[in-house]
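no sequence on this one, just coordinates:
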């Protein structure tokens, strides 16, 4: 009702007059502001990060361990250690990698890293799991093995890899669309929404691919190809208007993730040589924020 009234009010007004007003809309209007989460990363004495979240949709979250953040910090320590061979950095890398091993919960022949806090944006109750977390933890543990040469890191990485066979209906992270197309969900649960977040799927694929490159594991190659086929099938659905991209299939625009999508398309093309990834790299890279964003949002108001 509000949108229809707004459309009647705004339609007679030239767009050129309205454009200066749209910046305010960008800051306050959902869904364009939906994925800006207020948070602060806090490190303990061992260099392991936690995230202090502000309330989301009036749900208190507070200080929490986030497996993706721990994994990313492990990778950061690895890159820092390679540059300066600093003993303190190595210790912090060890502490983060050990946190990932300790908190990987073994279920049958696979392990899961659980998020022990709710995520209201996708109606996720604790605990929930994430393909992106699984994939980035694999990358972090591979890096830890390169430096520390402890087989427990590769053993845990393999158990995390096995989780990509487990469907969300069974408490896992995968939507098995058919026998040869599997989608790996960043925000996975039995009861939550099924957003199919694009960047999270691709980060999961990068983790699987890195494991294949490091171990030449045929199962990792299989999982990677299953995911690539699913991604190619769904990728056109993430193409918004004017060369912009969606964050997920709930049609939340990408915002800051648009540039991440561009970089991911480039990396996927370099790995696979699939023309579709080059196509969307070119399309999304051509989006001019200064020229098109205001018009895109104005079109959204008036549609």
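All right, it came through fine. Computed from a predicted structure; not experimentally measured.

Now do the buried residues in stretch 131-149.
Buried positions in stretch 131-149, judged by neighbour count with 16 or more other C-beta atoms under 10 Å: 131-145, 147-148. Glycine gets a C-beta too; all of them are placed from N, C-alpha and C.

Go through the residues you listed and flag which are in strands.
The strands, defined by DSSP state E, take in nothing from these.

Next step: these restricted to helices.
The helices, defined by DSSP state H, take in 131-145, 147-148 from these.

which ones are touching residue 131?
Listed by C-beta atoms under 8 Å, 6 or more residues apart in numbering, the contact set of residue 131 reads 164, 173, 174, 184, 185, 186, 188, 200, 201, 204.

ok, now how distant is it from residue 165?
Distance of residue 131 to residue 165, given as C-beta to C-beta, to the nearest Å: 12 Å.

so what sits against both of those two?
residue 174.

can you tell me which residues contact the residue nearest the centre of the chain?
The chain has residue 200 as the residue nearest its centroid, 2.6 Å off, counting by C-alpha atoms, centre = their mean. When contacts are counted by C-beta under 8 Å, 6+ apart, residue 200 touches 130, 131, 132, 184, 185, 186, 187.

Which strand or helix spans the closest residue to the third one other than its chain neighbours?
The shortest distance from residue 132 to any residue other than its chain neighbours is 3.9 Å, reached at residue 200 (C-beta to C-beta, 6 or more residues apart in numbering). When elements are assigned from DSSP states H and E, residue 200 belongs to helix 198-215.

what's the answer for residue 261, then?
Assigned by DSSP H and E, residue 261 falls in helix 257-272.

how far is that helix from where the chain is centred?
Its chain's average C-alpha position is 13 Å from that of helix 257-272, according to C-alpha atoms, centre = their mean, to the nearest Å.

what residues does it touch?
Contacts of helix 257-272 (C-beta under 8 Å, 6+ apart): 35, 198-199, 202-203, 205-206, 209, 228, 231, 238, 244-245, 247, 254, 274-275, 277-278, 280-281, 284-285, 287.

So for that helix, what gets flagged as buried?
257, 258, 260, 261, 262, 264, 265, 266, 267, 268, 269, 272.

Name the next helix or strand downstream of that helix, please.
In N-to-C order, the element after helix 257-272 by DSSP H and E is helix 275-285.
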